[in-house]
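Peer 1: Model the structure of this input:
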Amino acid sequence: MESILSETQEKSKSSSGRDSLPTRELVCELCRNFYQLGWASGTGGGISIKEDHQIYMAPSGVQKERLKPEDIFILNEDGEIVKEPGRGLKLSQCSPLFMHAYKIRNAGAVLHSHSLNALSATLLYDKQFRIKNLEMEKGLEGFGAFDTLEVPIIENTAYECDLADSLEQAIRENPKSHAVLVRRHGVYVWGKDWKQAKTHAECYDYLFEAAVRMKQLGIDPGV
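Peer 2: Now for the predicted structure:
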């Protein structure tokens, strides 16, 4: 199947308030991509994309690499379901967390990763992940290669939806960060559109892995 991660396909958009098949397909393709990276295995992880005042969101508890366009939920800007796939599929438990990034940061896409790099990073830091002087920081909006990058870490809960309040607080208290780490769990990342969210997620993951390796070598990533 031809990839839809392209300029020509992206130009095929719905008019405001209408269902967009290309956006549904894009959610599915990104989920397959994240599965291959190890970010969405075992039904974990997911992504949502905002397009023409509607939010397209992968369902909960399904094999993300096998998603089809008809499996995607559509929400309005208040987080209310306007179109659901049925067939027993459930809205992602990440929904209230995603909505905080949409409302507070005006995000255009938000993803949740179960990356081992993100999880490992949360075991090496207390309240803030911290790294500096790495080239990959330039891939994050507002950062240069010699800046100090910090990402807040919140504590995990038994149910994902119960993270919403602490994630909201972390977003508000860390206005420069495009991500929030969850201890022994993973990370939430956003961007102004799906391209930036994907770029941010890849750069953060690189930096999480770099910090873990530096710590193993006895090097302080924050110096």
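Peer 1: Skip ahead from the helix or strand containing Ile55 and say which helix or strand is next.
Peer 2: Using DSSP states H and E, Ile55 sits in strand 54-57. Note on strand 54-57: by DSSP H and E, the next helix or strand toward the C-terminus is strand 59-60.
Peer 1: what helices or strands is that following strand leaning on?
Peer 2: Strand 59-60 is packed against strand 90-91, with contacts defined by 3 or more CB pairs under 8 Å, 6 or more residues apart in numbering; DSSP states H and E. Heads up, the C-betas are built off the backbone N, CA and C, glycines and all.
Peer 1: so how far is the next helix or strand after the strand it packs on from its chain's centroid?
Peer 2: Using DSSP H and E, the next helix or strand after strand 90-91 towards the C-terminus is helix 95-105. Centre-to-centre, helix 95-105 and its host chain are 11 Å apart (CA atoms, centre = their mean, to the nearest Å).
Peer 1: Could you list the residues in contact with the helix or strand just after helix 95-105?
Peer 2: Once the chain leaves helix 95-105, the next helix or strand it forms, by DSSP H and E, is strand 109-113. Outside strand 109-113, the residues within contact range by CB atoms under 8 Å, 6 or more residues apart in numbering are 30, 34, 39-40, 44-50, 94, 97-98, 101-102, 186-191, 193-194, 196-198, 201, 205.
Peer 1: Please apply the same query to stretch 143-157.
Peer 2: 122, 125-135, 137-138, 140, 163, 166-167, 169-170, 173-174, 176-177, 179-185, 187, 204, 207, 222.
Peer 1: Out of those residues, which end up buried?
Peer 2: Using 16 or more other CB atoms under 10 Å as the burial test, the contacts of stretch 143-157 include 122, 125, 129-132, 134, 137, 140, 163, 166-167, 170, 177, 179-183, 185, 187, 204, 207, 222 as buried.
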